[in-house]
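Enquirer: output the structure for:
(chains A and B)
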Amino acid sequence: MKGEDSSNRIAWRLNGVTKEYDGKRVLGPVNLELVEGQKTAIIGPSGAGKTTLLRLLAVETEPTSGTIECEGKPIDSFSRNRKYLEVGLMHQQLDLVPQLSARKNIEAGNSGRWSIFRTLASLLLPVHDNASHDVAEAIGIAEYLNDRTSVLSGGQQQRVALCRLLVQSPKLHLADEPVSSLDPVLTDKVLKILCGIHELPGCHVNSVVANLHSPDLAIKHFDRIIGLHDGTIRFDKPATQVTEDDVEFTYEDESDIPRVVDPSPNIKSNWGRH
Amino acid sequence: MALTTWSAFSIDWSDLTNDGGATALRSILRAFLTPDLSAELLKKVLQASWTTISYAATSMSVAIFLGLSLGLIASGTLFPRGKLGLLILISTRAFLGATRSIHELVWALLLVVAIGLSPTAGILAIALPYSGTIGRIFAEQLQDVPDNQLKAMRSSGANNGQALLLARIPSVLPDTVSYLFYRFECAIRTASVLSFVGLGGIGFQIHIALSDLKFESVATLLYTLIALILFVELTSNSVRKRLLS
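Expert: Below is the predicted model:
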């Protein structure tokens, strides 16, 4: 929310960032400032460069040109061992270890803070990390914690991956389609936690950037919406000021423009839970 | 093609048939239908099986310990590849390569000469080449773990050791365990062959029975060997199933 509140500290800054794969530009040039504590949603059609933008912020890939700064320092100066404190990314493919239990996948979020001995003990001894358990309970997967991750449904696995990110608790949470496999009730619950509307004990969600497939969800839960099309920013507004024209402009050339429909949180649906 | 033709011509085919061979073959086949099941022989078979199994089990214990720990180092997933790291990596791989390129039988002959006809020689003759093979396979399995899982662990702040514990080992465990069971089967076979060298066990009994032309006893011993290997395979299947569920 640029210029709205001067006390908001700009934590992340992208200056003329572009990304090319094999000479083909997939993103940029993008100029963007992320305010600390802000919950930002990125919407746009497939192939707009949403995932690339998140991967750049997560220092998983380097921009072809331009710079990304955090607190005034280039982000590639993060020490590899301290990066987990700054930024964490939940991939769309989740990247869980299927052979481990859901609990161990979630507790893996503690790796940066834990020594290797503690990790070993967590794998061999029947000791459970309370913070991980609390997060899992809030997200609604406490009953599956001891199941092998490979036997869980897509929606359950998605929540396991989100729990791992919440347990890691970096300054900037990045989430690529974090609710794509969830039913409307769960989506509402999960996004409220991700956006800090529901505070969890021992887990403070600070800044968030999430890619969403649904403009309605973005507008409902997030502070700021960025519309991305063909690698460039079509609009960048506070959620309250986003109009239907903005959304249509972002999805233009697409045959199926998502209509703005309020997803009713009263629907008692079970799909996606199993 | 040329090689096959050439090798076919370089065999002296006239030696391939042997007078009276058909009679011998017939009596061997008959022996397999009527194996010797006398109490005296069965007792001997039990003792010999026990010797063979203990050789196989002891050598496998040594081979698993050596193979897994060296394989872990040889996978290069634990240390950064500095000068020292590279030196350790190359020397481990060289050791694994050297031990497995020499056959068990040759190891046995060498070790019998070096330390005499003792169980230690037999055990080492199996353990050394087997640790080479196990180490190499384990190293490759560790390297083949999906990169995205490792990256996810790293981005949660995991170091190499934690990524090993949380992603690499859980991913490879079922395959590694079933491979180790397969190697145990091989070890039983090898242990019985090595007993021809004079180390005792099923192979030694087969050797004696063959020299005495007691084909019925040979049949019993071979059936026992098959039973042992089937038993290991069944155990392996059930353990693997438990690891996967």
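Enquirer: element containing the spatially closest residue to A:Leu100 that is not a sequence neighbour?
Expert: Here the nearest residue to A:Leu100 in space, its sequence neighbours aside, is B:Pro170; by C-beta to C-beta, 6 or more residues apart in numbering or on different chains that works out to 5.1 Å. From N, CA and C alone the C-beta is placed, and that goes for glycine too. Assignment of secondary structure by DSSP states H and E places B:Pro170 within helix B:169-194.
Enquirer: quick one: list the elements packing against that helix.
Expert: Applying 3 or more C-beta pairs under 8 Å, 6 or more residues apart in numbering or on different chains; DSSP states H and E, we find helix B:169-194 packed against helix B:39-74, helix B:104-115, helix B:119-143, helix B:202-211, helix B:215-244.
Enquirer: now the first one, how far from the centre of its chain.
Expert: Looking back up the chat, that one is helix B:39-74. Offset of helix B:39-74 from its chain centre (C-alpha atoms, centre = their mean, to the nearest Å): 9 Å.
Enquirer: mind listing what's buried in that helix?
Expert: Along helix B:39-74, the positions that meet the burial threshold by neighbour count (16 or more other C-beta atoms under 10 Å in any protein chain shown) are B:41, B:44-45, B:48-49, B:51-53, B:55-56, B:58-60, B:62-64, B:66-68, B:70-74.
Enquirer: pretty sure A:Leu228 sits in a strand.
Expert: Yes - if the criterion is DSSP: H, G, I helix; E, B strand; the rest coil, then A:Leu228 is within a strand.
Enquirer: secondary structure class for the closest residue to chain A within chain B?
Expert: When scored by C-beta to the nearest C-beta, chain B has B:Gly157 as its residue closest to chain A, at 2.0 Å. Under the three-state scheme (three-state DSSP), B:Gly157 adopts coil.
Enquirer: OK, contacts around the closest residue to it other than its chain neighbours?
Expert: Distances taken as C-beta to C-beta, 6+ apart place A:Gly112 nearest to B:Gly157, at 2.0 Å, with adjacent residues excluded. For A:Gly112, the contact set (C-beta atoms under 8 Å, 6 or more residues apart in numbering or on different chains) comprises A:81, A:84-85, A:168, B:156-158.
Enquirer: ok, 7 Å please
Expert: By C-beta atoms under 7 Å, 6 or more residues apart in numbering or on different chains, A:Gly112 lies in contact with A:84-85, A:168, B:156-157.
Enquirer: and these, which two are furthest apart?
Expert: For the contacts of A:Gly112, with distances taken as C-beta to C-beta, the pair at the greatest spread is A:Leu85 and B:Ser156 (10.8 Å).
Enquirer: one step back: just the closest of the contacts of A:Gly112 to B:Thr224, please.
Expert: Of all the contacts of A:Gly112, B:Thr224 sits closest to B:Ser156, with 52.3 Å by C-beta to C-beta.
Enquirer: state the pLDDT value of that closest one.
Expert: If you check B:Ser156, the pLDDT there is 87.
Enquirer: so what does it have for phi and psi?
Expert: The phi/psi pair for B:Ser156 (degrees, to the nearest 10) reads phi -80, psi 0.
Enquirer: was I right about it contacting A:Ile106?
Expert: No - assessed by C-beta atoms under 7 Å, B:Ser156 is found out of contact with A:Ile106, at 10.2 Å.
Enquirer: ok, these two, which is more surrounded?
Expert: Between B:Ser156 and A:Ile106, counting by other C-beta atoms under 10 Å in any protein chain shown, A:Ile106 is the more crowded of the two (31 against 25).
Enquirer: A:Leu162 is in contact with that one, correct?
Expert: No - applying C-beta under 7 Å as the test, A:Ile106 and A:Leu162 come out as separate, 9.4 Å apart.
Enquirer: can you report how many residues lie near B:Leu37?
Expert: Close neighbours of B:Leu37, defined as other C-beta under 10 Å, add up to 12.
Enquirer: and A:Pro215, how many neighbours?
Expert: Each residue near A:Pro215 was counted by other C-beta under 10 Å, and the total is 25.
Enquirer: name the residues of chain B found near chain A, please.
Expert: On the criterion C-beta under 7 Å from any C-beta of the partner chain, chain A has as its neighbours in chain B the residues B:148-149, B:151-153, B:155-159, B:161-162, B:165-167, B:170-171, B:173.
Enquirer: what segments of the stretch 1-150 of chain A are helices?
Expert: In the stretch 1-150 of chain A, helices defined by DSSP state H, counting those that start in this stretch lie at A:50-57, A:83-86, A:102-107, A:116-124, A:130-139, listed in chain order.
Enquirer: now tell me what touches the first one from outside.
Expert: This points to helix A:50-57. A:12, A:17, A:19, A:26-27, A:30, A:42, A:44, A:61, A:63, A:68, A:87, A:89, A:92, A:172, A:174, A:176, A:209, A:211, A:228.
Enquirer: enumerate the residues of the stretch 1-150 of chain A near chain B.
Expert: Counting by C-beta under 7 Å from any C-beta, the stretch 1-150 of chain A sits next to chain B at A:58, A:84, A:88-89, A:91, A:93, A:95, A:97, A:99-100, A:108-109, A:111-112, A:116, A:119-120, A:123.
Enquirer: just the buried ones among the residues you listed, please.
Expert: A:58, A:84, A:88-89, A:91, A:95, A:97, A:99-100, A:108-109, A:111-112, A:119, A:123.
Enquirer: got JSON lines for the helices and strands packed on helix B:169-194, with mean pLDDT too?
Expert: Formatted as JSON lines, the entries for the helices and strands packed on helix B:169-194 read as follows, by pLDDT from 0 to 100:
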{"stretch": "helix B:39-74", "mean pLDDT": "92"}
{"stretch": "helix B:104-115", "mean pLDDT": "90"}
{"stretch": "helix B:119-143", "mean pLDDT": "93"}
{"stretch": "helix B:202-211", "mean pLDDT": "88"}
{"stretch": "helix B:215-244", "mean pLDDT": "87"}
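Enquirer: which one of those helices lies nearest to A:Ala136?
Expert: Taking these one by one with C-beta to C-beta, helix B:215-244 is closest: 23.8 Å.
Enquirer: residue of the stretch 151-274 of chain A closest to chain B, please.
Expert: In the stretch 151-274 of chain A, the residue found nearest to chain B is A:Gln168; the distance is 4.9 Å by C-beta to the nearest C-beta.
Enquirer: so who does that residue touch?
Expert: A:Gln168 makes contacts with A:84, A:88, A:109, A:112, B:156-157, as judged by C-beta under 7 Å, 6+ apart.
Enquirer: just to revisit the earlier point, looking at it, the residue of chain B closest to chain A is touching A:Asn110, isn't it?
Expert: No - B:Gly157 sits out of contact with A:Asn110 when judged by C-beta under 7 Å, with a separation of 8.1 Å.
Enquirer: circling back to that earlier point, look up phi and psi at the residue of chain B closest to chain A.
Expert: Here B:Gly157 shows phi and psi, under degrees, to the nearest 10, equal to phi 100, psi 10.
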